[in-house]
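A.B. asks: Test case, fold it:
(chains A and B)
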There are 2 protein chains.
Amino acid sequence: MAETKLQRQNKLTVLTNPKLTEAAAIIEKAFVQRRTLIVAGKCSVRYTGRAKSTLEPGERILIIKEDGSLLVHRPVGYEPVNWQPPGSIFHVQTKADSIEVHAVRQKPRESVRVTFDKVFMVSALSLVDSGEFSLYASEQDMHRAILLKPSLLEEGFKPISYEKKVEPGFVDVYGVDKNGKLVVVEVKRKTAGKEAVLQLAKYIDAIKSKADRELRGVLVAPSLGKDVQRLLVTLGLEFKALDPKKCAKVLKKTETTKLEKFFEGKHE
Amino acid sequence: MAETKLQRQNKLTVLTNPKLTEAAAIIEKAFVQRRTLIVAGKCSVRYTGRAKSTLEPGERILIIKEDGSLLVHRPVGYEPVNWQPPGSIFHVQTKADSIEVHAVRQKPRESVRVTFDKVFMVSALSLVDSGEFSLYASEQDMHRAILLKPSLLEEGFKPISYEKKVEPGFVDVYGVDKNGKLVVVEVKRKTAGKEAVLQLAKYIDAIKSKADRELRGVLVAPSLGKDVQRLLVTLGLEFKALDPKKCAKVLKKTETTKLEKFFEGKHE
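C.D. replies: Predicted structure coming up:
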């Protein structure tokens, strides 16, 4: 243990190449103090719950957060190989040549056991984080989100084109509903006012003369301005509430298909 | 920098409370050497790609793996607040009072910028992990997976009961298909042999006399034994391939709804 470094502060405890008993002590203290724990080492993992899984020994990173959530990360891949949502109860046990970290949840009964026979680093941190997370999508991002996931507009909607030139301008999204009616969609990323309604009405008028079937106009926006509802109804148009944040997530989602599939249990 | 500890080994580099320039040097070297990097510190995050997001300053853990995947974890919650799949290219830049870690992907163009104005710990690790991950589901787990997600059997299937007593034993899963036909399901977790087929045939015979409508028998197993297909067809039964691992993931999935929703962009 010649190279072991022990450093304690309010913020941070780090121990490199500790003895297993030393690592266990840090881990136990982190549980009691509800600090965020990072352990890098050689471990195997067993999960028992609704299903069962085993992970043979290898070098990984275990993260246990102050809220009792758990992640085991292998050196490759962005998905955790094992994970538990917040609310687990943790124990650490020192065996002859290993330490076992147990995470147990009651509802439903689930248990994750991470057995380390070597610890390279153990770190306990007190982290303070109240920073706000904001997702942003432009109006064009909202168009693309609807194209990628048409059910954002409504079930059965099939987009035909977007940013389609229709005098006096461009129709945001253009498609067919589940009943075969044409749908003209006008998208706003903020509360939609009278101007947006009138703009949509103009497009509907311009297309109506050429359309061979029934036509619907849908105004898409996070909310509708005061007194706009009446105008909308008078003009025979519809409103669909859609938050740009939701669109941003749909767009981001398309980048993370693999991860989703992992969590949906669709891989392999 | 009185408390800074520097330790280098093949396996592990750890620096606590480093100067920003020191942290940047470790980070840069980890990129070059393709090591797994863990940085704990106060940071803000910007993501630009199909959508945009910002995360205000707070104390978090950044993990960058050897394959170029990236995770930013807040001190609570098991989902990362920002993440990128493998394949990013990384840079680190030292500014007057911060360091910026850039991750850029080309297809599609996406960029994550993590700006640290304080680093509590930086760690670069060379991790070796070839351990196999195995998921296990019992036959009963498979029953429950089908109940939870009936589309595992087929689209439109509606389970009525399971482990239903029918002389000469118990029917595994019992339900109605999309055309209103009764479906009797026999589940095996390994390759199904003649015995399984005959067992299902017996149940079908026993129920047929009481059933008021058409009856289907479906044998569910990861695979069908040699020469069993012919017997199955002769008896008018069907086979549906289903892997216990897939069932295990469906069961595990029900535990991680929140996480899925997060990755599906359904939260908030």
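
A.B. asks: Isn't A:Pro150 up against A:Val176?
C.D. replies: No: A:Pro150 is not in contact with A:Val176 according to C-beta atoms under 8 Å; the separation is 10.0 Å. Backbone N, C-alpha and C define where each C-beta goes, glycine included.

A.B. asks: can you pull the contacts of A:Asn179?
C.D. replies: Residues near A:Asn179 by C-beta atoms under 8 Å, 6 or more residues apart in numbering or on different chains: A:Gly156.

A.B. asks: now do 10 Å
C.D. replies: Contact analysis of A:Asn179 by C-beta atoms under 10 Å, 6 or more residues apart in numbering or on different chains lists A:156, A:213-214, A:216.

A.B. asks: just to revisit the earlier point, tell me, what's touching A:Pro150 and A:Val176 both at once?
C.D. replies: Joint contacts of A:Pro150 and A:Val176 (C-beta under 10 Å, 6+ apart) are A:156-159, A:183.

A.B. asks: how about those, which pair is most distant?
C.D. replies: Using C-beta to C-beta, those span at most 11.7 Å, a distance reached by A:Gly156 and A:Pro159.

A.B. asks: what's the overlap in contacts for those two?
C.D. replies: Contacts common to A:Gly156 and A:Pro159, judged by C-beta under 10 Å, 6+ apart, are A:150, A:176.

A.B. asks: Looking at those two, which is more packed in?
C.D. replies: A count of neighbours by other C-beta atoms under 10 Å in any protein chain shown puts A:Pro159 above the other of A:Gly156 and A:Pro159, at 17 against 12.

A.B. asks: so after the helix or strand hosting the more buried one, what's the next helix or strand?
C.D. replies: Using DSSP states H and E, A:Pro159 maps to strand A:158-166. Note on strand A:158-166: by DSSP H and E, the next helix or strand toward the C-terminus is strand A:169-176.

A.B. asks: and the angle for the next helix or strand along the chain from that next one with strand A:158-166?
C.D. replies: Using DSSP H and E, the helix or strand that follows strand A:169-176 towards the C-terminus is strand A:182-187. Interaxial angle, strand A:182-187 versus strand A:158-166 (axes from the mean of the first three to the mean of the last three C-alpha atoms, to 10 degrees): 70 degrees.

A.B. asks: Which elements pack onto strand A:182-187?
C.D. replies: Counting by 3 or more C-beta pairs under 10 Å, 6 or more residues apart in numbering or on different chains; DSSP states H and E, the packing neighbours recorded for strand A:182-187 are helix A:139-148, strand A:158-166, strand A:169-176, helix A:194-208, strand A:215-221, strand A:238-241.

A.B. asks: change it to 8 Å
C.D. replies: helix A:139-148, strand A:169-176, helix A:194-208, strand A:215-221 (3 or more C-beta pairs under 8 Å, 6 or more residues apart in numbering or on different chains; DSSP states H and E).

A.B. asks: Show me what the mean pLDDT comes to for that strand.
C.D. replies: Regarding strand A:182-187, the rounded mean pLDDT is 94.

A.B. asks: Show me the helices in the stretch 1-150 of chain A, by range?
C.D. replies: A:20-33, A:139-148 (DSSP state H, counting those that start in this stretch).

A.B. asks: Give me whichever of the ones you listed is most buried.
C.D. replies: Mean neighbours per residue, mean count of other C-beta atoms under 10 Å in any protein chain shown, is largest over the helices of the stretch 1-150 of chain A for helix A:139-148, with a mean of 20.

A.B. asks: so how far is that helix from its chain's centroid?
C.D. replies: Distance of helix A:139-148 from its chain centroid, counting by C-alpha atoms, centre = their mean, to the nearest Å, is 18 Å.

A.B. asks: That helix versus strand A:158-166: what angle between them?
C.D. replies: Computed by the same axes, to 10 degrees, the angle between helix A:139-148 and strand A:158-166 is 140 degrees.

A.B. asks: helices or strands up against helix A:139-148?
C.D. replies: strand A:158-166, strand A:169-176, strand A:182-187, helix A:244-253.

A.B. asks: show me what contacts the residue of chain A positioned farthest from its centre?
C.D. replies: Distance to the chain centre peaks in chain A at A:Ser209, reaching 44.2 Å (criterion: C-alpha atoms, centre = their mean). Counting by C-beta under 8 Å, 6+ apart, A:Ser209 touches no other residue.

A.B. asks: and what of A:Pro57?
C.D. replies: A:42-44, A:117, B:131.

A.B. asks: Only the buried members of those: can you turn that into a ChimeraX selection?
C.D. replies: A single ChimeraX command is used to select the members of the contacts of A:Pro57 judged buried by 16 or more other C-beta atoms under 10 Å in any protein chain shown:
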select /A:42,43,44 /B:131
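
A.B. asks: so where's chain A shaky on pLDDT?
C.D. replies: A:1-9, A:254-268 (pLDDT under 70).

A.B. asks: re the thing from before, any chance of the helices of the stretch 1-150 of chain A in a markdown table, plus distance to B:Gln140?
C.D. replies: Listed next are the helices of the stretch 1-150 of chain A as a markdown table, based on distance: least, C-beta to C-beta, whole Å:
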| stretch | distance to B:Gln140 |
| --- | --- |
| helix A:20-33 | 34 |
| helix A:139-148 | 39 |
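
A.B. asks: and B:Pro80, which of the ones you listed is closest to it?
C.D. replies: Of all those, helix A:20-33 sits nearest to B:Pro80, with 20.4 Å by C-beta to C-beta.

A.B. asks: thinking again about what came up before, most tightly surrounded among the helices and strands packed on strand A:182-187?
C.D. replies: strand A:215-221 (a mean of 22).

A.B. asks: How about residues contacting that strand?
C.D. replies: With C-beta under 8 Å, 6+ apart, strand A:215-221 has contacts from A:142, A:146, A:153, A:172, A:177, A:181-192, A:196-197, A:200-201, A:203-204, A:207-208, A:232, A:235-242.

A.B. asks: and with 7 Å instead?
C.D. replies: Applying C-beta atoms under 7 Å, 6 or more residues apart in numbering or on different chains, the contact partners of strand A:215-221 are A:153, A:177, A:181-188, A:190-192, A:196-197, A:200-201, A:204, A:207-208, A:232, A:237-240, A:242.

A.B. asks: just the angle between that strand and helix A:139-148, please?
C.D. replies: Using the same axes, to 10 degrees, strand A:215-221 lies at 130 degrees relative to helix A:139-148.

A.B. asks: moving C-terminal of strand A:215-221, what's the next helix or strand?
C.D. replies: helix A:228-234.

A.B. asks: Contacts for the strand holding A:Pro159, please.
C.D. replies: Taking C-beta under 7 Å, 6+ apart as the rule, strand A:158-166 contacts A:143, A:146-147, A:150, A:170-176, A:203, A:206-207.

A.B. asks: Any chance you could give me that strand in CSV, C-alpha atoms only?
C.D. replies: Once non-C-alpha atoms are left out, strand A:158-166 reads as follows in CSV (Å, rounded to 0.1, in the frame of the first residue of the first chain):
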residue,chain,number,x,y,z
LYS,A,158,-48.8,11.1,-42.1
PRO,A,159,-46.6,14.1,-43.2
ILE,A,160,-46.2,14.6,-46.9
SER,A,161,-43.9,17.6,-47.0
TYR,A,162,-42.7,20.5,-44.9
GLU,A,163,-41.8,24.1,-45.5
LYS,A,164,-43.8,23.7,-48.7
LYS,A,165,-44.1,26.8,-50.8
VAL,A,166,-47.8,27.9,-50.9
